[in-house]
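Enquirer: Prediction below, plus the sequence it came from.
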Amino acid sequence: MYIDTHLHLSKNDDIESILKDCYSNNVGHLIISGCDKEAIIDALDIIDKYENINAVIGFHPSEVGKVNDDDLKWLEELIINNDKIVGLGEIGLDYYYGKDNMKEQLILFEKQLLIAERLHIPVVIHTRDAFQDTYDLLKKHSLNGVIHCFNGSVEVANLYINLGYYLGIGGVITFKNSKLPDVIKKIDLSHLLLETDSPYLSPEPYRGKPNSPKNIPIIAEKIALVKEISTENVEKITSSNASQIFDLKI
């Protein structure tokens, strides 16, 4: 059974149909990300209804300026009171559009890292054009978790791995111009997780179309091809990795 460790769902999505497609493709468990107030509320409703869906919740760096300390207290209480919430995320830094709010992003990121430390839960990290600041902050804190949508070098991969982080690998590995296959070839499978980031980042041959967790096997097949191993091995080890880091009861 495959596990999609990172996707986005809304209560307005046809979740029954999505799950039916998942089961047809041996994707048996989902971890959804609620990374703004509306998405967090939706995630709570969804995980309450579906046994095989867990959630991570947190405030994405794009939420800077919208989130205050009361919101962070609310976030912490939600995590404490719901055992189907298995991590804090996606949180992090995003300098893709510039660094005008860099200071505010760093403050929000660290406040959430401190929550995760208090609660002893993994974090799911969003980092875009912000490796050094991300790494420096993670190095300060005694945490582990996942680098979501990893797309860096072997050297960067090993730095994160040495801190205790898994690498979330998604559809980007299938893109024709991606350098990720060369990187993943040199990284042991014990450090990898599978994710779709649905509805974003569809793998080839569906690039440009809405993504779905049913596409997890496509990502697994690419990893298996790159590493010259069986898809069954990819399935078994990445699912074990996910169960371990998120303490999944499956």
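Expert: Cool, the structure landed. Numbers count the residues shown, from 1 in each chain.

Enquirer: and the host helix or strand of Glu76, what does it pack onto?
Expert: If you go by DSSP states H and E, Glu76 is part of helix 69-80. Counting contacts by 3 or more Cβ pairs under 8 Å, 6 or more residues apart in numbering; DSSP states H and E, helix 69-80 packs against helix 37-49, strand 53-57, strand 85-94, helix 102-119. Yep, even glycine has a C-beta here, placed from its N, CA and C like the rest.

Enquirer: Not including adjacent chain positions, what is the nearest residue to Leu189?
Expert: Spatial nearest neighbour of Leu189, excluding adjacent residues (Cβ to Cβ, 6 or more residues apart in numbering): Ile237 at 4.7 Å.

Enquirer: If you count neighbours, what's buried in the helix or strand containing that neighbour?
Expert: Ile237 belongs to helix 231-246 when assigned by DSSP H and E. Across helix 231-246, burial judged by 16 or more other Cβ atoms under 10 Å covers 231, 234-235, 237-239, 241-242, 245-246.

Enquirer: Tally up the residues packed near Val226, please.
Expert: The burial count assigned to Val226 is 17, neighbours taken as other Cβ atoms under 10 Å.

Enquirer: actually Ser33, not the one I wrote
Expert: For Ser33, the count of nearby residues is 25 (other Cβ under 10 Å).

Enquirer: same thing with the one 5 residues further on?
Expert: A count of neighbours around Glu38, defined by other Cβ under 10 Å, yields 11.

Enquirer: what's the closest of the helices and strands packed on helix 69-80 to Lys186?
Expert: With Cβ to Cβ as the measure, strand 85-94 is the member of the helices and strands packed on helix 69-80 nearest Lys186 (24.2 Å).

Enquirer: Next, the residue of the chain positioned farthest from its centre: secondary structure please.
Expert: The C-alpha centroid of the chain is most remote from Asp100, which lies 25.5 Å away (Cα atoms, centre = their mean). At Asp100 the chain is in coil, as set by DSSP: H, G, I helix; E, B strand; the rest coil.

Enquirer: shaky segments in this protein?
Expert: The chain contains no residues with pLDDT under 70.

Enquirer: hang on, the earlier thing: let me know which of the helices and strands packed on helix 69-80 is the nearest to Lys185.
Expert: Nearest to Lys185 among those is strand 85-94 (25.9 Å), distances taken as Cβ to Cβ.
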